[in-house]
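>>> just coords:
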């Protein structure tokens, strides 16, 4: 079992946190993981992405050029990574801000209005990345829900622990949207 994934968007959208949380949850389950962030010097507002590989055997390289899963939260990322999803792979895209939908028909495509739903149903746009992560784990159960929630509690800084219930709600909402 090997899953090669990319999470991409603007800095500040939580793409690095999303990938890191998934990698940590997989590690808690005893899986082999790699997490490799990439971002420009401008960070917040610039482009950011991270590659996450999850495997049952040691990973030979964290760098891949084609992905089983791509999660894209902005149009530049959609343009860059849609073509790099393997045939039969998964593409999740943020549909409340990206107005140009993917065109591939040989992959599973999930439109997710994460920003709109986070704002309207949770009154906090900052947890839209957890909503997306919930959707991803629902369509591609690479980790158990319990592992994801445990990872959230163990990786979120202590000063933000009061936000754990909101993040858990966002994950559950994301799961219900796909």
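The structure has been received and is ready for your questions. Note that the structure is a prediction, hence the values are computed from the model and not measured.

>>> Residue 164 sits in which helix or strand?
With elements taken from DSSP states H and E, the one containing residue 164 is helix 164-176.

>>> Ramachandran angles for the residue lying closest to residue 57 once chain neighbours are set aside?
Excluding its sequence neighbours, the residue lying closest to residue 57 (CB to CB, 6 or more residues apart in numbering) is residue 32, at 6.4 Å. Glycine gets a C-beta too; all of them are placed from N, C-alpha and C. Dihedral pair for residue 32: phi -80, psi 140, per degrees, to the nearest 10.

>>> Could you report the distance from residue 59 to residue 90?
Counting by CB to CB, to the nearest Å, the gap from residue 59 to residue 90 is 19 Å.

>>> So for these two, which sits in the more crowded spot?
residue 90 (20 against 15; other CB atoms under 10 Å).

>>> so that one is in which element?
Assigned by DSSP H and E, residue 90 falls in strand 85-94.

>>> picking up where we left off before, buried ones in the helix holding residue 164?
Buried positions in helix 164-176, judged by neighbour count with 16 or more other CB atoms under 10 Å: 166-175.

>>> where does the protein dip in pLDDT?
40-45 (pLDDT under 70).

>>> show me where it has strands.
Taking DSSP state E, the strands of the chain run over residues 2-10, 32-39, 47-55, 67-72, 85-94, 108-112.

>>> re earlier: relative to strand 67-72, how tilted is the strand holding residue 90?
20 degrees (axes from the mean of the first three to the mean of the last three CA atoms, to 10 degrees).

>>> Correct me if wrong: residue 130 contacts residue 172.
No. Using CB atoms under 8 Å, residue 130 is not in contact with residue 172, being 9.4 Å away.

>>> Tell me how many other residues crowd the closest residue to residue 1 other than its chain neighbours.
The shortest distance from residue 1 to any non-neighbouring residue, by CB to CB, 6+ apart, is to residue 56 (4.4 Å). For residue 56, the count of nearby residues is 10 (other CB under 10 Å).

>>> OK, contacts around residue 56?
1-2, 31-32 (CB atoms under 8 Å, 6 or more residues apart in numbering).
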